[in-house]
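[1] one predicted model, sequence on top.
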Amino acid sequence: MSDEIVEALVRAGSDNGRPLGFSADDIVRVGRIRRRRRRVYGGAATVLGVVVAIAAVALLVQSGRGQSLGEPATVPLDRGPMSEAEVWDAVGHTCPGEPGDLDTIYARQVDSSGGTTPAVLATGQRRDGIVYTCGTHWSVRGDGVVMRMPDRAHPIVPIASEGGTTSLEGGWGSESGFFRVADSVARVETRVGTPGGSEPWRVSVPYDGVVYWSGWADEGAFDDDDEVWLQWRAFGTDGHRIAPALLPFQPELIDPTGDNEVFAEYDELGSLLTEVALDHLQTERGSLEGGSAGSGTRDDSGWTTVTSQLSWSPWHRTATADVDLSLSRHGTYTGDQLQTRIGCHDQFECHQADLGDQGSAWVGENEAGSFAVGYVQPDGEIATIVVDTEDPNLAESDVAIDITVDEAIGFVTDDRLDL
């Protein structure tokens, strides 16, 4: 969670630093929706708004109203409005009822890998009263809780995702989705490309507080050894870049060819974190799922930090808790930075716990039931776990998780954790 602060301050101003859900008065979250699996290269998990302000000061950069030397070009994603007939033609097969029953939240023609295509977000209600939220290629139904609206700490909130597609070679092909944004957000930009490459940023502007974003990799555009990222950035109405820590998604390492070596390295380490955690974290009151998100940093010597995220959901509830796991190379953090990394200076009241022959660990807890543990292993590598019971997508979420601090200590002290 607070690892974003440390990493963001170190690389302030750099672009090389990201589930499904529904938001707004008119968008109803329906049922429990799968979380999209994400892997990130060069990014980190989201942080709490109080400490985010610190990172925002360091990360705020100029808007790029003029193109900087060597900066990839920006191109508009939007291709114009849609008529009511075009909207129904695009989503009539996924939305219930008749055209007049449809409440259209967003409808624009947009650019895509296959040319101009419709992007639609809408709600509808069947005669039996069941509410649907539906889009161009998907629909879900139910009467779940209303999701969080944007606020100062969360100016950009995920609404829904169109999901990813697979290329002919079996790799990542494209991904898109919708954001609910605050009035202070002027545009969101998405890029698929290599570090230092010339691939463009695709610009999306809000319509009625909703942004549709999309990124894709054209067939044959990348080689197996290319490091290819899916990235997001946003700019405010004041012309300044919005701090990356305030975005809901962080840069994601993708594999357009189906055989990316860097991606495979991260996947192996992320899977190790998940495997060890699932061996230690026991739960009877919910479902603990592995590998829903991840992040990492890397240098010429290999991975410096690898993180992975599990999600915990109580049975028969839509609320979730995040379980963030991290392993860092020795010497990556000082003692104070380790405390910041697990949230001791903003989210938790922390103390050192004596582990006997294993030394000591920093343990933080708060009244909401969230907790964190940070531990320097005998070989100097640093293992952390943050269990956040406060669902970032829900204004009020009463998640009573049954994972314990002792189980978390068992995870961070496991000698299988090794970069």
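    Received the coordinates, thanks. Residues are numbered from 1 along each chain as shown.
[2] what's near enough to touch the residue lying closest to Leu355 once chain neighbours are set aside?
    Nearest in space to Leu355, with sequence neighbours left out and distances taken as CB to CB, 6 or more residues apart in numbering, is Ala361 at 5.9 Å. Any C-beta I mention is one placed from the backbone N, CA and C, and that applies to glycine too. With contacts taken as CB atoms under 8 Å, 6 or more residues apart in numbering, Ala361 has the following neighbours: Gln352, Ala353, Leu355, Val373, Gly374, Tyr375, Ile409, Val412, Thr413.
[3] now do the residue nearest to Trp315 when sequence neighbours are not counted, the pLDDT please.
    The spatial neighbour of Trp315 that comes closest, neighbours along the chain excluded (CB to CB, 6+ apart), is Gly286 at 5.8 Å. Looking at Gly286, its pLDDT is 85.
[4] can you count the residues close to Asp267?
    For Asp267, the neighbour count with other CB atoms under 10 Å is 16.
[5] that should have said Gly170, apologies.
    For Gly170, the tally of surrounding residues (other CB under 10 Å) stands at 11.
[6] same deal with the one 5 residues further on?
    By the criterion of other CB under 10 Å, Glu175 has 24 neighbours.
[7] need the contacts of Ala361 in TSV with neighbour count, distance to Thr190 and secondary structure, can you?
    TSV is the format used below for these (neighbours: other CB atoms under 10 Å; distance: CB to CB, whole Å; DSSP: H, G, I helix; E, B strand; the rest coil):
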residue	neighbour count	distance to Thr190	secondary structure
Gln352	12	43	strand
Ala353	15	43	strand
Leu355	13	44	coil
Val373	26	35	strand
Gly374	27	33	strand
Tyr375	26	37	strand
Ile409	19	40	helix
Val412	26	35	helix
Thr413	18	40	coil
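[8] after the lowest-mean-pLDDT helix or strand in the chain, next one along is what?
    Among the helices and strands of the chain, helix 49-59 carries the lowest confidence by mean pLDDT, DSSP states H and E, at a mean of 32. Sequence order places strand 74-76 as the next helix or strand after helix 49-59, per DSSP states H and E.
[9] how about the next helix or strand after that next one: buried residues?
    Following strand 74-76 in sequence order, the next helix or strand is strand 78-81 (DSSP H and E). Within strand 78-81, the residues that count as buried by 16 or more other CB atoms under 10 Å are Asp78, Arg79.
[10] give the buried residues for the helix or strand hosting Leu269.
    When secondary structure is defined using DSSP H and E, the element that contains Leu269 is helix 261-280. Counting neighbours by 16+ other CB under 10 Å, one finds that the buried residues in helix 261-280 are 262-263, 265-267, 269-270, 272-274, 276-278, 280.
[11] ditto for stretch 88-95
    Taking 16+ other CB under 10 Å as the neighbour-count basis, stretch 88-95 is seen to contain the buried residues Trp88, Ala90, Val91, Thr94, Cys95.
[12] narrow the residues you listed to those in helices?
    Using DSSP state H, the members of those that fall within helices are Trp88, Ala90, Val91.
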